[in-house]
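Asks: model the following, please.
(one chain, ligands or ions: 1)
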Amino acid sequence: MGVPLAIVAAVARNGVIGGNNRLLWKLRSDMLHFRAITMGKPMIMGRRTWDSIGRPLPGRETIVVTRDPAFAAQGAHVVHDPDAAIALGQELAERLNAPEIMVAGGGELYGLLLDQCAALHITQVDLAPEGDAFFPAIDPVRWRETARAVHDPGPGDEARFSFVDFVRA
Ligand SMILES: NC(=O)c1ccc[n+]([C@@H]2O[C@H](COP(=O)([O-])OP(=O)(O)OC[C@H]3O[C@@H](n4cnc5c(N)ncnc54)[C@H](OP(=O)(O)O)[C@@H]3O)[C@@H](O)[C@H]2O)c1
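Replies: You can find the predicted model right below:
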């Protein structure tokens, strides 16, 4: 038993999480939520998500997963398979005394690691844009909703959204 993995993701009504390697909405409240929920923790992400962010996020240890043996990411750790990402995440979480290891996307990484996660922190975005990256289906038999907070758009938010937490059923 190690430090648990948890997903953090913002997901539109149609399951879309991004398109053309970028986010498809502006939600300042969700950016702040993401910052708060990941701060001080190791964060695993796919190489495409790393490219789309373009820099290490302060206060977090980023683990980038890529098949490219020559890939280097300044200010981040690079690994070449999901198991190595989890192993390094455990090591970093122990060093940081972090309560969980965050899986921060994108679609491929969510799909690869969903079954190994203990919790999901989902921002349900009340939009349905066209995109090319998707969140995997959340099977209600396997996941139980534990909290839901519905929000009207605040300053810098383009849509209504809900913060929804799930744990393993
Ligand atoms: N809404 C949200 O919460 C959210 C969060 C994060 C990202 N996003 C969006 O999601 C999109 C990116 O997601 P994506 O699915 O295209 O890409 P991704 O999951 O970020 O990264 C995919 C990359 O991960 C590497 N990878 C995948 N499986 C691997 C394996 N088994 N072993 C080693 N490396 C592996 C490969 O990198 P190489 O090609 O380098 O080998 C692959 O191209 C963007 O639009 C982004 O904005 C949205």
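
Asks: for this structure, what lies in contact range of the ligand?
Replies: Listed as neighbours of the ligand in the chain under the rule C-beta under 6 Å from any ligand atom: 9-10, 17-19, 21-23, 45-49, 52, 65-68, 71, 80-82, 104-109, 112, 133. (Glycine included, C-beta is placed from N, CA and C.)

Asks: drop anything exposed from those.
Replies: Buried subset of the residues of the chain next to the ligand (neighbour count, 16 or more other C-beta atoms under 10 Å): 9-10, 17-18, 23, 45-49, 52, 65-66, 82, 104-109, 112, 133.

Asks: ok, residues contacting stretch 142-151?
Replies: For stretch 142-151, the external contacting residues (C-beta atoms under 8 Å, 6 or more residues apart in numbering) are 29, 120, 157, 160-169.

Asks: any of the residues you listed buried? List them.
Replies: Counted by 16+ other C-beta under 10 Å, these give Ser29, Leu120, Asp157, Phe161, Phe163, Val164, Asp165, Phe166 as buried.

Asks: surely the second one is in a strand?
Replies: Yes. Under DSSP: H, G, I helix; E, B strand; the rest coil, Leu120 falls within a strand.

Asks: so how far is Phe166 from it?
Replies: From Leu120 across to Phe166, the span is 4 Å (C-beta to C-beta, to the nearest Å).

Asks: try Leu127
Replies: As for Leu127, its distance to Phe166 is 21 Å (criterion: C-beta to C-beta).

Asks: bridged to the closest residue in space to Asp81 that isn't next to it in sequence, which residues?
Replies: In this structure, Asp81 finds its nearest non-sequential neighbour in Val65, 7.2 Å apart by C-beta to C-beta, 6 or more residues apart in numbering. Val65 has these beta-bridge partners by DSSP bridges: Gly46, Val79.

Asks: just the pLDDT for Val65.
Replies: Turning to Val65, the model gives it a pLDDT of 98.
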